[in-house]
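In: just the structure for this:
(one chain, ligands or ions: 1)
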Amino acid sequence: MDLRQGIGLRRLGTTADEFQQDLLSSLYYRRGTTVESASPRDAYEALALTVRDRLAERRARTAAAHFASNPRWVYYLSAEYLLGAQLEQNLLYSGTGDLASQSLKVLGRTLEEIEDLDVEPGLGNGGLGRLAACLVDAMATRDIPAVGYGIRYDFGIFRQSLEGGAQAERPDDWAFQGNPWEFPAPDDRQTVGFYGHTEPVAGSPTRKSWVPGEIVLGEPSHMLVPGYRTETVNIVRLWRARGSEASFDLSRFAAGQYAEAVQEAVRAENISKVLYPDDSTELGRELRLKQQYFLVSCSLRDIIRRFRLRNEGWDDFAEKTVIQLNDTHPTIAIPELMRLLVDEYELDWDKAWSITRSTFAYTCHTLLPEALETWPVPLFERLLPRHLEIIYLINMFFLREVEARFPGDSDRLRRMSIIGEGSERRVRMAHLAVVGTEAVNGVAELHSKLLRETVLQDFADLWPAKFQNVTNGVSPRRFMKLANPRLSDLITEGLGDDGWLNDLDRLAGLERLAGDASFMERWRAVKRANKVDLAAGDPDSLTDVMIKRFHEYKRQQLKLLHVITMYHRIRANPAGDWVPRTVLFAGKAAPAYHAAKNIIRLINAVGATIAADPVVAPHLTVVFAENYNVTLAERIIPAADLSEQISLAGKEASGTGNMKLALNGAITIGTLDGANIEIRARVGEENFFLFGLDAFQAAEVQISGYHPREHYDRDAELKAAIDAITAGTFGGVGREVADSLLGWDEYLTLADYRSYLDCQEEVERAWRDPDRWTRLSILNTAHSGFFSADRTIADYAARIWRVAPVPVPKDI
Ligand code: CRA
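Out: You can find the predicted model right below:
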């Protein structure tokens, strides 16, 4: 195709009049209503469509440019995307915010009220899902031809509320009223098989034919992913499961057996019904494996379809395609591609294996053994019989390779095998992911190092060059510009222009303003105004935030011990010169994770006791903000003074909230864990509050034996805090939490208590000197530019994907 011919698409207008015309025509012709009878929902939908059209026009040009250059494509496979609200983002990325505000007047609406109708699709749990969203944003911003693949869950992450201080969960029917941002593409529907059996193919030793016992349809739709200040618009393609026509049993329906008539279709549709609400734990449920295979099977066929539109044969496939596996969830893509190539396209095994291995790359996001997925062999055999056979073959060839390198080392073979031979035989997905890919990366320096030296050490011995680190990053557009417009404007003024928004290292220019009295004054005023907006406690108090999933390794319980100790100190000395603090917690606990839910209850019980205590309440407030999600994060982060990143060292793979908070001028109190280490290295030791054991020391304590009671007996304040819980000071809530802290706590909470408390005193010393604090805050922002997802993508592109940008011309 000749680029110069163009696609002949009419350009959409850029004046206020033209935008308003388009808004009205969306309202009349696409919503089928009128100005007089338009509901707020109509106004929202009409606006969304009008904005979407602007991006769709860029999308068409992006597709044309990509088609013309036939580049190496990045396919990002992820079971989760936490995209965040779309309207505000798309107004920004299409530069139509002002036009929209003006045009809405004709409907008698304000942009703010319309924005409230924009529901965020909660198709993810936490860090991993939000990272996927930041990475696709940065891929588009960097002009990388890419498609994200995922699942369009009918119900996203549950909505959390508090009932009597305990977490209650409600389903998240996010698209109940429709989702104007989505383009259905039923023509690209795929067919996915499950169960059944395999049959030999005459004359071929490796080919088999799989006869599935259940057939499900996958229907895609896509959301647009615009780049910032570039023409590129990529897509995220989400699959939804549907029963085939044959799954409706007409004769049963005619016989009045209504439930039975649709039961097969219901079973099919259940595959994409709900997101599993677990974070960092493995859950071996058949439906979850079905989801994974459903995602992979639909996506691979779509990838092959796209490849074959532009290429012939298979020689160029790996050259033109890189598939990034976001954790092990989509790892069955490895045997699935082998199955497609060997069984369906009749390539020989070696050729297929060489293509497969050079197509995939794998990102590992955890170190927690309980989060490394394994599947029971019998389940695999029943659900995906052909894939299990292929995995056995992959394993056989792989173990031969290990045997050749380390002859006679049967222990090593046993450790490395893709099949674990414990009391129950299980498929180890992380091993499969390492064996079947060209590159493996961790998500922060420490995490990548620990992967090489612990969990995946045998693999790193075998293939040292395969292991890399790519430190996570976050979108400065969403988490600075959109979330914190006041600070963004001030930064732009300080730096002279807003080029920093897609070149975040330029924040370093703020360093020279860190001592400028008037700039500091304004910086403080921004933070204060953000706190007033958040309305979670006295805006002049130190806003101390711990916002993340609830997990014992993250140690919300350690923060709580600090709060209880402060409560005791203030009660003992009401006239003391206390630094007023607002401690804000937000986060969800997996519904079946009782220990985490107990911590939530205890936080609320402690908060209520403090609020009811006239002596302590003026100095200390505990707030639990319900239903933490991207939208709420965007409100809390700009208002934070202190960022709590207090996981046991060696447990948090990276963290990304830590980056968002530092970029918004919060100062971190944290352990040497995950990306905290890199934040500290960049912002400087003196601008980071460090405490606690490091990963090496923590491992030593665990090996030599951790005795929490010794800490308890030795430390009177610690003892008092725990005793208060068991004595019923907080209404008898939290005894299990106390038992765990003194008993089996794997996360060494009490070992870090004293060092954490001392460190909090240093925090308060710094806070008492407002100029010092403001300087720290500015320097945190100034030196966090490295944590832009644009840098993360530049790293992936250069070191793992080997892809170059394909800019989309304006005049194509
Ligand atoms: N739970 C890690 O725990 C990390 C994100 C994104 C996590 C975080 O420390 O920042 O991934 N791991 O890399 C994970 O989901 C399956 O493992 C997370 O979000």
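In: separation between the residue in the stretch 701-812 of the chain that the ligand sits nearest to and residue 73?
Out: Closest approach between the stretch 701-812 of the chain and the ligand, counting by C-beta to the nearest ligand atom: residue 792, at 10.1 Å. (Glycine included, C-beta is placed from N, CA and C.) Distance, residue 792 to residue 73, by C-beta to C-beta, to the nearest Å: 19 Å.
In: now the helices for the stretch 451-600 of the chain?
Out: Per DSSP state H, counting those that start in this stretch, the stretch 451-600 of the chain carries helices over the ranges 457-462, 476, 485-495, 517-534, 556-572, 594-611.
In: select, out of those helices, the one closest to residue 103.
Out: helix 485-495 (20.5 Å; C-beta to C-beta).
In: pull out the buried positions in the closest one.
Out: By neighbour count, and taking 16 or more other C-beta atoms under 10 Å as the criterion, the buried residues in helix 485-495 are 486-488, 490-491, 494-495.
In: is it true that residue 623 lies in a helix?
Out: No - the secondary structure assignment for residue 623 gives strand rather than a helix, going by DSSP: H, G, I helix; E, B strand; the rest coil.
In: so it makes contact with residue 607?
Out: Yes - Residue 623 is in contact with residue 607 according to C-beta atoms under 8 Å; the separation is 7.0 Å.
In: among the helices of the stretch 451-600 of the chain, which is the most enclosed?
Out: Among those, judged by mean count of other C-beta atoms under 10 Å, the one packed with the most neighbours on average is helix 476 (a mean of 31).
In: how about the residue in the chain positioned nearest to the ligand, what does it touch?
Out: Scanning the chain for proximity to the ligand using C-beta to the nearest ligand atom identifies residue 127 as nearest, at 2.7 Å. Counting by C-beta atoms under 8 Å, 6 or more residues apart in numbering, residue 127 makes contact with 279, 365, 548-549, 654-657.
In: let's see it at 10 Å
Out: With contact set as C-beta atoms under 10 Å, 6 or more residues apart in numbering, residue 127 has these partners: 80, 82, 279-280, 365, 443, 472, 548-549, 652-657, 674.
In: same question for residue 295.
Out: If a contact means C-beta under 10 Å, 6+ apart, then residue 295 has 77-79, 149-151, 192, 218, 238-239, 241, 271-272, 329-330, 332-333 as its contacts.
In: 8 Å - rerun?
Out: Residues in contact with residue 295 (C-beta under 8 Å, 6+ apart) are 77, 79, 149-151, 239, 329-330.
In: next one: residue 22
Out: Contact criterion C-beta under 8 Å, 6+ apart gives 12-13, 50, 53 as the residues in contact with residue 22.
In: in what helix or strand does it lie?
Out: According to DSSP states H and E, residue 22 maps onto helix 16-25.
In: now that helix, how far from the centre of its chain.
Out: Centroid separation for helix 16-25 versus its chain: 36 Å, with C-alpha atoms, centre = their mean, to the nearest Å.
In: average pLDDT across it?
Out: Confidence over helix 16-25, taken as the mean pLDDT, stands at 96.
In: list the helices and strands whichever helix or strand comes after that helix packs on?
Out: Per DSSP H and E, the first helix or strand lying C-terminal to helix 16-25 is helix 40-69. In terms of contacts (3 or more C-beta pairs under 8 Å, 6 or more residues apart in numbering; DSSP states H and E), helix 40-69 is packed against helix 16-25, helix 87-94, helix 97-104, helix 111-115, strand 214-226, strand 233-243.
In: for helix 40-69, give the mean pLDDT please.
Out: Confidence for helix 40-69, expressed as mean pLDDT, is 96.
In: give the buried residues for it.
Out: Under the neighbour-count rule (16+ other C-beta under 10 Å), helix 40-69 has 42-52, 54-55, 57-59, 61-66, 68-69 buried.
In: got the angle for that helix vs helix 97-104?
Out: Computed with axes from the mean of the first three to the mean of the last three C-alpha atoms, to 10 degrees, the direction of helix 40-69 lies at 140 degrees from that of helix 97-104.
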